[in-house]
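Student: Sequence and predicted structure, then a few things I'm wondering about:
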There are 2 protein chains.
Amino acid sequence: MTRQERRRQTEERILGAARALFAEVGYERATIRGVAAAAGVDPALVMQYFGAKDELFRRAIHAPGEQPLEIAPERLADLLLEAIRFKLGETDDGSLALFRSMLTHPDAAEHFRTATARQVREFATGIPRPDGELRASLLVAISMGLTIARELLRLEPLQEATPEQIVDLLRPAFQSLSASG
Amino acid sequence: MTRQERRRQTEERILGAARALFAEVGYERATIRGVAAAAGVDPALVMQYFGAKDELFRRAIHAPGEQPLEIAPERLADLLLEAIRFKLGETDDGSLALFRSMLTHPDAAEHFRTATARQVREFATGIPRPDGELRASLLVAISMGLTIARELLRLEPLQEATPEQIVDLLRPAFQSLSASG
DNA sequence: GTCTATAAGCAGATAGAC
DNA sequence: GTCTATCTGCTTATAGAC
């Protein structure tokens, strides 16, 4: 194994530890020292690799690549529900880190706002109505609320329910919001 | 004006400043110094009155008293929508402070969980079904997501819309979730 | 009663030894 | 290349002067 490979490997380990810790306690309470300890490396090494805590966080929340959905109107509700069903229970740490910190860390809030704005515009193309963007925003807000309540706050009834149960109950709500006519 | 009155008045001013600051930046980033500056008093005075930062936060999020709703089944959806319509745009700083910090401050998370559990049980009495608690949880999660998205993250389409517009769009969703049979 | 001064602790970041 | 030691800054909290 070359030096470059080794370096890349430890960098990935640090990034994974950072993602997990940011997801668990948020930006403020997560410390470089804590990340280093979780990754089994020296705190100075983390700084060496990532330069600053901000940069580490930026890298941690950078999702592995969310490909935009092709949206056929009349299908939007089902697509969203399917995405929710898939994500519930196995949301990646990068997304959770972003959710966890977005209310208290300005950079995280900004990142979420721009990512959401793009998603809203995308969804809105599937809702050809004057208030399409508002409807899309509501769909996003509902999905976000659900993830926060279940994965971050761990509200009991939501955590015990299966993704299928939840999706079934939400279907009428999503259909009414994404109805194209 | 007696000493006691004066003291009570400054205490209220500090508490108001604390509520506003906690609501704006969350528990971690809000400092005693910042609260004191906003209230126009000495930082040491804040400590004198409230003892510790935790206690100040505890007092700040203690809502002025939310009376439990009497729930007639078949009316739950309308009651909730009315509550949302009323709250949107004028959510009190105490609630916002709690929302802002609940993802990153363990005490706030715990407070929210217990308050929510009570609310869920309450709503569930209006949904006489085996999955009543799950449905009630979804209603709470949706309301929470909406408040967070609009008041805290300030997502544009949601902030520009009127409460009436939002409530109208959500009505079918709430009715399907709270349908009693 | 109110404020000044300071203690004590922990954070991120840096310089330099090995 | 990796780690030790340290610097600087900020926080809560306290002790004591006025």
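Tutor: Structure's in. What do you need? Numbers count the residues shown, from 1 in each chain, chains lettered A, B, ... in the order given.
Student: From here on, just use CA atoms for contacts and neighbour counts.
Tutor: Will do.
Student: how about the closest residue to DNA strand D within chain A, what does it touch?
Tutor: Proximity of chain A to DNA strand D (Cα to the nearest atom of the strand) peaks at residue A:42, 4.0 Å away. Going by Cα atoms under 8 Å, 6 or more residues apart in numbering or on different chains, residue A:42 touches A:33, A:36.
Student: Any idea how many residues pack against the nearest residue to residue A:121 once chain neighbours are set aside?
Tutor: Nearest residue to residue A:121, sequence neighbours excluded (Cα to Cα, 6 or more residues apart in numbering or on different chains): residue A:133, at 6.6 Å. Using other Cα atoms under 10 Å in any protein chain shown, residue A:133 has 23 neighbouring residues.
Student: which element is residue A:133 on?
Tutor: Taking DSSP states H and E as the criterion, residue A:133 maps to helix A:132-147.
Student: Likewise for residue A:41?
Tutor: For residue A:41, there is no helix or strand it lies in under DSSP H and E.
Student: Can I get the very next helix or strand once past the helix holding residue A:133 in CSV, CA atoms only?
Tutor: Next along the chain after helix A:132-147, taking DSSP H and E as the criterion, comes helix A:156-160. What follows is helix A:156-160, C-alpha atoms only, in CSV (Å, rounded to 0.1, in the frame of the first residue of the first chain):
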residue,chain,number,x,y,z
GLU,A,156,-41.4,6.9,20.5
PRO,A,157,-44.4,6.2,18.4
LEU,A,158,-42.5,7.2,15.2
GLN,A,159,-39.5,5.2,16.0
GLU,A,160,-41.5,2.0,16.7
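Student: is it true that the residue nearest to residue A:121 touches residue A:122?
Tutor: No. Taking contacts as Cα atoms under 8 Å, residue A:133 lies outside contact range of residue A:122: 9.1 Å.
Student: The host helix or strand of residue A:85 relative to helix A:132-147, how many degrees between them?
Tutor: Under the criterion of DSSP H and E, residue A:85 resides in helix A:76-87. Helix A:76-87 and helix A:132-147 are oriented at 20 degrees to each other (axes from the mean of the first three to the mean of the last three Cα atoms, to 10 degrees).
Student: right, is helix A:76-87 up against chain B?
Tutor: No. Counting by Cα under 8 Å from any Cα of the partner chain, no contacts exist between helix A:76-87 and chain B, the nearest distance being 12.7 Å.
Student: Contacts only, for residue A:27.
Tutor: Contacts of residue A:27 by Cα under 8 Å, 6+ apart are A:57, A:97, A:101, A:105.
Student: Is the helix or strand hosting it in proximity to DNA strand D?
Tutor: Assigned by DSSP H and E, residue A:27 belongs to helix A:3-29. Yes. Counting by Cα under 7 Å from any atom of the strand, DNA strand D is contacted by helix A:3-29 at A:3, A:7.
Student: Report the distance from that helix to the chain centre.
Tutor: Distance of helix A:3-29 from its chain centroid, counting by Cα atoms, centre = their mean, to the nearest Å, is 17 Å.
Student: ok, now stretch A:122-136?
Tutor: Distance, centroid of stretch A:122-136 to centroid of chain: 22 Å (Cα atoms, centre = their mean).
Student: Then stretch A:20-31?
Tutor: 14 Å.
Student: Same question for stretch A:131-144.
Tutor: 16 Å.
Student: in it, what's buried?
Tutor: Neighbour-count burial for stretch A:131-144 flags A:132-144 (criterion: 16 or more other Cα atoms under 10 Å in any protein chain shown).
Student: for stretch A:96-110, same thing?
Tutor: For stretch A:96-110, a neighbour-count test (16+ other Cα under 10 Å) marks A:96-105, A:107-109 as buried.
Student: got the domain boundaries for chain A?
Tutor: Structurally, chain A divides into domains by automatic domain parsing as follows: A:3-61, A:76-178.
Student: Figure out the length between the terminal residues of the first one.
Tutor: This stretch, domain A:3-61, spans 26 Å end to end (Cα to Cα, to the nearest Å).
Student: Please report how far the most centrally placed residue in chain A lies from residue A:108.
Tutor: Taking Cα atoms, centre = their mean, the centroid of chain A lies closest to residue A:95, which sits 2.3 Å from it. Residue A:95 is 11 Å from residue A:108, where distance means Cα to Cα.
Student: Next, residue A:2: phi, psi?
Tutor: phi -80, psi 170 (degrees, to the nearest 10).
Student: That one - how many residues pack around it?
Tutor: 7.
Student: And residue A:13, by the same measure?
Tutor: Using other Cα under 10 Å, residue A:13 has 18 neighbouring residues.
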